[in-house]
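A.B. asks: what follows is a predicted protein model with its sequence.
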Amino acid sequence: MSTTISFHLVMLVIINILYMQYCYCYANNNKKSKISSLFAFGDSTVDPGNNNYIPTIMRGNFPPYGKDFDNHVATGRFTNGRLVTDLVAEYAGLKKNVPPYLKPNITIQDLMTGVSFASSGGGFDPFTPLMTGAIPQSQQLEMFKEYKSKLEAKIGKKRTKTLVRNAGFLISAGTNDIAFNYYGPILVQRTNYPNVLDYQHFIGQNVNKFLQGLLNEGASTIGIAGLPPIGCLPAMITLYSTNPNSNRRCINYLNSISIKYNHMLQKNIKGLQRPGVKIVYFDIFNPIMDMVNQKAKYGFNEVNRGCCGDGYIGAALMCANAPVCNDTSKYIFWDSVHPSEKAYRLVFDSLLPSIETIIS
């Protein structure tokens, strides 16, 4: 009897090993690009639903979010459909959509082809996620370390090291730090840093620290997005326009802060480059600015209001079961902060040369 049980146990182990080898080979052969997987870190622009599994007010796992996603499912993505990271993963031939790391019962296949550790409401300033209960960047890095340990237990240390070295890493954060922390209703950081350039320098130091942390964990190919034109976010227009009802133009001085931040980020990236490491700057400012300035060129009618809710200040719970515009393709912004899927696709298209640098 014991011999039979032992035989069955041995067979189960062998089958499990063969399955893992199959998954590993599939994950590395059934794709167009040279990257093994895709990992995302940051805020709501790359969070596919991690916030669904933590205590936070920043959730998008209810209608009308996900209105144009597969089966109209509100996955936790803060838009009507897919994110740029989903489009990159599909373009690279890895998978159609990038799942959240915290998703229960996530498969080994999904772990090996890439997940997102991002958290809506997050930022590089440790104070930013405290305002909403989001996952700090430092904890996202710890989650990645945990991920590596899980994968090592499944496919071994050598294969895990190879997978991480050949993976693409995408980072998108910073908007919450500047727009809703520094220029938001809580004055803590404006008191600590009366000059916004000093605050940007503080953020830059944290960006460098996070990038160095990823490099220490084996990352070699990283794409990092700059800031969008924060003065064009509907919520910021509402907060800072002299007449938010009649004057819905972008706030130029806020956009100039985005530009200065992006210049600083690009300079910092150059300082981190070294042999065997590739860090690529993703310009999202200019494509969004172009959509705002030339809306007819892209088929947009509305550039300074969101599609969901009142369009002026609504996001997250303020959009819960709220009215929605008739045609999301006519809006750059889905809510008062986040782009629509169409806008994300246009950003993706503009980033293709940079994306090719990451995945090739």
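C.D. replies: Received it, and whenever you're ready, just let me know what you need.

A.B. asks: can you give the contact residues for the host helix or strand of residue 151?
C.D. replies: Secondary structure here is read from DSSP states H and E; on that basis residue 151 sits in helix 137-155. With Cβ atoms under 8 Å, 6 or more residues apart in numbering as the contact definition, helix 137-155 has outside contacts at 20, 23-24, 39, 41-42, 101-102, 108, 111-112, 115, 117-119, 122-124, 126, 135, 160, 163-164, 173, 206, 210, 213-214, 217-218. The way it works is simple: take the backbone N, C-alpha and C, and place the C-beta from them, glycine included.

A.B. asks: next, the buried residues of it.
C.D. replies: Applying a neighbour-count criterion of 16 or more other Cβ atoms under 10 Å, one finds 137, 140, 141, 143, 144, 147, 148, 151, 154, 155 buried in helix 137-155.

A.B. asks: repeat that for stretch 91-107.
C.D. replies: Residues of stretch 91-107 classed as buried under the neighbour-count rule (16+ other Cβ under 10 Å) are 92, 94, 95, 97, 98, 99, 100, 101, 102, 103.

A.B. asks: show me the helices in this structure, by range?
C.D. replies: With DSSP state H as the criterion, the chain has helices at 2-29, 84-91, 108-113, 127-130, 137-155, 157-165, 175, 188-192, 196-216, 234-240, 252-272, 285-293, 295-298, 341-359.

A.B. asks: and the ones you listed, which one's lowest on average pLDDT?
C.D. replies: Of all those, helix 2-29 carries the lowest average pLDDT, namely a mean of 43.

A.B. asks: what about residue 37, how many neighbours?
C.D. replies: A count of nearby residues for residue 37, using other Cβ atoms under 10 Å, gives 25.

A.B. asks: how much space separates the spatially most central residue of the chain from residue 291?
C.D. replies: Centroid check for the chain by Cα atoms, centre = their mean gives residue 46 as the closest residue, at 1.8 Å. Plainly put, residue 46 is 19 Å away from residue 291 if you go by Cβ to Cβ, to the nearest Å.

A.B. asks: residue 267 now?
C.D. replies: Counting by Cβ to Cβ, the separation of residue 267 from residue 291 is 26 Å.

A.B. asks: more crowded one of those two?
C.D. replies: Set side by side, residue 267 and residue 291 give different neighbour counts by other Cβ under 10 Å, the larger being at residue 291 (24 against 11).

A.B. asks: the more buried one reaches residue 300, doesn't it?
C.D. replies: Yes: between residue 291 and residue 300 there is a contact at 6.3 Å, judged by Cβ atoms under 8 Å.

A.B. asks: what's the overlap in contacts for those two?
C.D. replies: With Cβ under 8 Å, 6+ apart applied, the overlap between the contact sets of residue 291 and residue 300 consists of residue 332.

A.B. asks: quick check: chain neighbours aside, which residue is closest to residue 278?
C.D. replies: residue 221 (4.9 Å; Cβ to Cβ, 6 or more residues apart in numbering).

A.B. asks: sweet, I'm off.
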